[in-house]
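1. mind folding the following:
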Amino acid sequence: MSRYNKINTIKDEEAVSPVIGVILMVAITVILAAVIAVFVFGLTGDMDSSVQKDVKLQVSTNNTGFVEFIVFSGNDVSELVNITISNGSAGSDQSYQHNFKIGETLTSPFRKTEGAVVATGTFADGSRQVLART
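-> Below is the predicted model of the structure:
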């Protein structure tokens, strides 16, 4: 029996071979199962990202050359419980702990010429955030 009919066309017109079709179906099933497992078993971890606090400090230098940080604005100033000012030197941090108010000036023990000075805030919920740097 011939593979061709009367007008010389191939009778066997399968689009995809059965082997390739099975491989594709298994691959799709495995990928789908993996995606579902990630969400069902909680492998995505904590999807909540850290919330950025709204506190802005203005950086300036006083007339003696020391870096000053002024609490400039922000909705989360009332949650601020500590500001630590450092310049990267071990043991030379200056920490301020009290109820901060907008307009308050914090003078650092570092001069602008001593390198980068960073102000890091700690909030009532325990989160920490860099508020300003020189």
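2. low pLDDT regions in the protein?
-> 1-14, 43-50, 89-91 (pLDDT under 70).
3. do you have the helices of it handy? List them.
-> Using DSSP state H, the helices of the chain run over 18-40.
4. residue ranges of the strands in it, please?
-> 56-61, 66-73, 80-86, 94-96, 105-111, 118-123, 128-133 (DSSP state E).
5. for Gly42, find the nearest of those strands.
-> Smallest distance to Gly42 across these (CB to CB): 26.5 Å, for strand 128-133. The C-beta positions use only the backbone N, C-alpha and C, and glycine is treated the same way.
6. quick one: contacts of the closest one?
-> Residues outside strand 128-133 that contact it (CB atoms under 8 Å, 6 or more residues apart in numbering) are 52-53, 55-59, 69, 83, 116-123.
7. can you redo the strands of the chain as TSV with distance to Ile23 and mean neighbour count?
-> Compiled in TSV, the strands of the chain are given as follows (distance: least, CB to CB, whole Å; neighbours: other CB atoms under 10 Å):
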stretch	distance to Ile23	mean neighbour count
strand 56-61	58	16
strand 66-73	61	19
strand 80-86	59	19
strand 94-96	63	15
strand 105-111	65	17
strand 118-123	54	20
strand 128-133	51	16
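8. next, count neighbours for Ser17.
-> When neighbours are counted by other CB atoms under 10 Å, Ser17 registers 9.
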